[in-house]
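Peer 1: Test case, fold it:
(chains A and B)
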Amino acid sequence: GAVVSQHPSRVICKSGTSVKIECRSLDFQATTMFWYRQFPKQSLMLMATSNEGSKATYEQGVEKDKFLINHASLTLSTLTVTSAHPEDSSFYICSAGGSTSGRFYEQFFGPGTRLTVL
Amino acid sequence: AQKVTQAQTEISVVEKEDVTLDCVYETRDTTYYLFWYKQPPSGELVFLIRRNSFDEQNEISGRYSWNFQKSTSSFNFTITASQVVDSAVYFCALSLRAGGTSYGKLTFGQGTILTVHP
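Peer 2: Numbers count the residues shown, from 1 in each chain, chains lettered A, B, ... in the order given. Take a look at the predicted model:
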């Protein structure tokens, strides 16, 4: 149980285009989803926290207009990287919490999406 | 603010050696959760263990063991008789208990790259 999927797993795009990454909780309802970014050989940095039906809360230094997050349902959150540039190339990981078992302290991680902007 | 420090950036051992990964955390809260995750080359985070701040019992799971000491704010991870498949990046993380149905944010350490040579 508590499986989280991400799609796509890998994406290559041209500079200036927008890319959408989906994060789905497959077997539980996720009231909260988190989006992380990881550069090579570095740790995970939290970008934003989204609660179903409300606006995402962004961490300091993360551009809201650049990284659009939508959490429209209890099983789906999307991250859209708008007008992507090479410096946006990174590994993006989502996690979900809110298992119906009430395990409020635990996040379940997706497999990640590797974005390469040419 | 919370902080997690993994002082060992990289560790290299030969198969069958025991290895301990250090983790030191900082928080002013009395209720918190500590985690260890493994990140193999594929990138997907693998959950290893969760400990809450009121449970200082050490835990053993197969070749893995964890030593939680509140007095030194440490949560160290030992792999006994290491194997090549243990090669990965290991992250220690801390989360606070949030109120209601809100999730506490995870604060990750910098990660330790473990390489086990045959």
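Peer 1: what bridges to B:Thr115?
Peer 2: On the basis of DSSP bridges, B:Thr115 takes part in beta bridges with B:Ser12.
Peer 1: where does chain B have low pLDDT?
Peer 2: Per-residue confidence of chain B (counting by pLDDT under 70) places the weak regions at B:97-103.
Peer 1: Show me which residues of chain A sit near chain B.
Peer 2: For chain A, the contact set with chain B under CB under 8 Å from any CB of the partner chain comprises A:31-32, A:34, A:41-44, A:46, A:49, A:51, A:91, A:93, A:95, A:97-98, A:104-112, A:114. In short, each C-beta sits where N, CA and C put it, glycine included.
Peer 1: Selecting buried members of those residues in ChimeraX, what would you type?
Peer 2: In ChimeraX, selecting the buried portion of the residues of chain A next to chain B, with burial taken from 16 or more other CB atoms under 10 Å in any protein chain shown, looks like this:
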select /A:31,32,34,43,44,46,49,51,91,93,95,97,98,104,105,106,107,108,109,110,111,112
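Peer 1: For A:Phe108, which non-adjacent residue is closest in space?
Peer 2: With CB to CB, 6 or more residues apart in numbering or on different chains as the measure, A:Ala2 is the residue that lies nearest to A:Phe108, at 4.4 Å, once sequence neighbours are left out.
Peer 1: Could you report the pLDDT at the closest residue to A:Gly16 other than its chain neighbours?
Peer 2: Using CB to CB, 6+ apart and skipping residues adjacent in sequence, the residue nearest A:Gly16 is A:Ser83, 5.7 Å away. For A:Ser83, the model assigns a pLDDT of 96.
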